[in-house]
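# structure of the sequence below:
(2 chains)
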Number of protein chains: 2
Amino acid sequence: MTTTTQDLFVTTGLLSWEQAIKRATNFFDSCSDLEMQKEIVPGKNRVIYLLGHLTAVHDRMLPLLGLGERHYPQLDELFISNPDNPAAVFPPVQELKEYWTAINEELARHFTAWTPEEWLQKHTAVSDEDFAREPHRNRFAVLISRAGHVQYHLGQLVWFGK
Amino acid sequence: MTTTTQDLFVTTGLLSWEQAIKRATNFFDSCSDLEMQKEIVPGKNRVIYLLGHLTAVHDRMLPLLGLGERHYPQLDELFISNPDNPAAVFPPVQELKEYWTAINEELARHFTAWTPEEWLQKHTAVSDEDFAREPHRNRFAVLISRAGHVQYHLGQLVWFGK
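Presented below is the predicted three-dimensional model:
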């Protein structure tokens, strides 16, 4: 097997990630600031909440993948630890959109530079001992899992009736 | 790079697929026959429609992956070509659940037997010429894509208020 073949698995995973990001970005860009403040369906999360939630989850991928400190840890309190709350003070939509773009661009820089071997390194939430037994708990698994997480919320966003 | 390393990419993709199937199956199994007939949220698909839809899409993976003829082509008219329609006559829930289990078990038998090289073979919806230029249009890409499709609908199912 050549390195080219290894690269094909990585390319396939990356395409899945990139497509999910692109669909989410297109959706958020299609919403006015007013629409961003609306519930996707009555009684469920507002659109802005999912933008903040996805941004926070992707920001958490920096330490999880061994890429250094987070940029926006302040988002967790609003968008991960707590459910959507109209009484909470969220950052402006434009600011969240800039965070979303910036974190995905930073991740992409690393993702496109890694070799297949680097993709199969362990993520930081698994111990050396566990990783020796469970080598599938690697960076590639995080990529696939997080691409699926974006898809999960895309399934909800598509129900937004503007 | 050893074959073991190749296997790790496949294992990671397969785990993602299996987890998504398991979550969906657990959800459908948790619903009574009456709940299966309810809309997930007002004005959107009924739960039974998504069970039929996912089953039909997975059944279509047989020819797409070069695994032979479909088992349940009659599902397309009800669950793919048309949106949910309370006036349509659906198969009984129990029958759909059996199809869902059977098609996923059949796919799993092939998936766990394929070598990494077999995973990187082209799927049948791409021509030889296009595949030569775009080798990422392979069976592994179908696996990742369909796992993401299950996730997409799981994001909707989780909004069902029983």
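# and the spatially most central residue of chain A, which helix or strand is it part of?
Taking Cα atoms, centre = their mean, the centroid of chain A lies closest to A:H58, which sits 3.6 Å from it. Using DSSP states H and E, A:H58 maps to helix A:47-59.
# any chance you could list what contacts stretch A:112-119?
For stretch A:112-119, contacts defined as Cβ atoms under 8 Å, 6 or more residues apart in numbering or on different chains pick out A:3, A:6-7, A:9-10, A:13-14, A:138-140, A:143, B:1, B:5, B:9. Any C-beta I mention is one placed from the backbone N, CA and C, and that applies to glycine too.
# possible to save those residues as a markdown table with secondary structure, pLDDT and distance to A:Q74?
Formatted as a markdown table, those follow (DSSP: H, G, I helix; E, B strand; the rest coil; pLDDT from 0 to 100; distance: Cβ to Cβ, whole Å):
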| residue | secondary structure | pLDDT | distance to A:Q74 |
| --- | --- | --- | --- |
| A:T3 | helix | 52 | 41 |
| A:Q6 | helix | 84 | 38 |
| A:D7 | helix | 91 | 37 |
| A:F9 | helix | 95 | 36 |
| A:V10 | helix | 96 | 32 |
| A:G13 | helix | 95 | 30 |
| A:L14 | helix | 97 | 29 |
| A:N138 | strand | 96 | 29 |
| A:R139 | helix | 97 | 25 |
| A:F140 | helix | 97 | 29 |
| A:L143 | helix | 98 | 25 |
| B:M1 | coil | 43 | 41 |
| B:T5 | helix | 79 | 39 |
| B:F9 | helix | 95 | 35 |
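# following the helix or strand encompassing A:A108, which helix or strand comes up?
Per DSSP H and E, A:A108 falls inside helix A:93-111. As assigned by DSSP H and E, the chain's next helix or strand after helix A:93-111 is helix A:116-119.
# show me what counts as buried in that following helix.
The neighbour-count check on helix A:116-119 (16 or more other Cβ atoms under 10 Å in any protein chain shown) flags A:116, A:118-119 as buried.
# could you do stretch A:122-133 as well?
Neighbour-count burial for stretch A:122-133 flags A:122-123, A:126 (criterion: 16+ other Cβ under 10 Å).
# output these as a markdown table; include the columns distance to A:N104 and secondary structure.
Listed next are these as a markdown table, based on distance: Cβ to Cβ, whole Å; DSSP: H, G, I helix; E, B strand; the rest coil:
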| residue | distance to A:N104 | secondary structure |
| --- | --- | --- |
| A:K122 | 23 | strand |
| A:H123 | 18 | coil |
| A:V126 | 24 | coil |
